[in-house]
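In: this one's sequence-less:
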């Protein structure tokens, strides 16, 4: 059975100007940042990013503005830009616990659990009583174990298939592993290979518990129809 990854205990938090430990930026940078915070709360991410970029140009040493920009990039789905901005914010203000927690959360969501745990551990070194960091560190550690288990399952199936490249059962076993892990593209690829190699238990495909998710995909019926004897 597929082991589900555990959701992080705390989603990324919006960093408002007053929450930072730095001296509050003055003038236009502050106005732009506050405007961006409002836009983010309204779900207007693209507009917020425009404002935050301008604010960051005016106040390049502001960790809070940089962290807000990272948060906005994350909301926009630009993980690489968000990671870069969070790291810059922490260079400017290493003690910014919200930025570090957000960075750890983002790394975890990217599957970079080892880096995520380092960030949570560093956060706890600086703030030992941070409950969110404690919970997120525990979850990231568990998810790292689950991810390792999944990788081992895939590696074992692929090694078996490589050892018996003409064996339809080995290819089918690889398809089942990928299907259980939710990787439908690879599951269908190996299932097609198994059928091409001569796997003929077509009726079992319709009831195999490991393929339950695949059977909901239109590609499953198409694959069977292509293999039905004419």
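Out: Cool, got the structure. Bear in mind the structure is a predicted one, so any value in this text is a computation, not a measurement. Numbering: from 1, shown residues only.
In: Could you use CA atoms for every contact and neighbour count after this?
Out: Noted.
In: all helices for this protein, in order.
Out: Along the chain, counting by DSSP state H, helices occupy 27-41, 45-58, 63-76, 79-92, 97-109, 113-126, 131-163, 168-180, 184-196, 202-205, 218-227.
In: pLDDT score for residue 213?
Out: Reported pLDDT at residue 213 in the predicted model: 92.
In: What of the one 4 residues further on?
Out: Confidence at residue 217, expressed as pLDDT, is 94.
In: swap in residue 57?
Out: 93.
In: and what of residue 202?
Out: At residue 202, pLDDT is 89.
In: I'd like to know which of the helices of the chain lies nearest to residue 212.
Out: With C-alpha to C-alpha as the criterion, residue 212 lies closest to helix 168-180 of those, at 8.2 Å.
In: what does that closest one rub up against?
Out: Helix 168-180 is contacted from outside by 1-2, 153-154, 157-158, 160-161, 164-165, 184, 186-191, 193-199, 210-211, 213-214, using C-alpha atoms under 8 Å, 6 or more residues apart in numbering.
In: now the residues you listed: which count as buried?
Out: Among these, the ones that count as buried by 16 or more other C-alpha atoms under 10 Å are 154, 157-158, 160-161, 165, 184, 186-188, 190-191, 193-195, 197, 199, 210-211, 214.
In: And for residue 223, the neighbour number?
Out: 14 (other C-alpha atoms under 10 Å).
In: What count of nearby residues applies to the residue lying closest to it once chain neighbours are set aside?
Out: Closest residue in space to residue 223, ignoring its immediate chain neighbours: residue 192 at 7.2 Å, by C-alpha to C-alpha, 6 or more residues apart in numbering. Residues lying near residue 192 (other C-alpha under 10 Å) number 21.
In: Over to residue 60?
Out: 17.
In: Same question for the one 5 residues further on.
Out: Other residues near residue 65 come to 32 when the count uses other C-alpha under 10 Å.
In: Does it touch residue 55 like I think?
Out: Yes: contact criterion C-alpha atoms under 8 Å: residue 65 and residue 55 qualify, at 7.0 Å.
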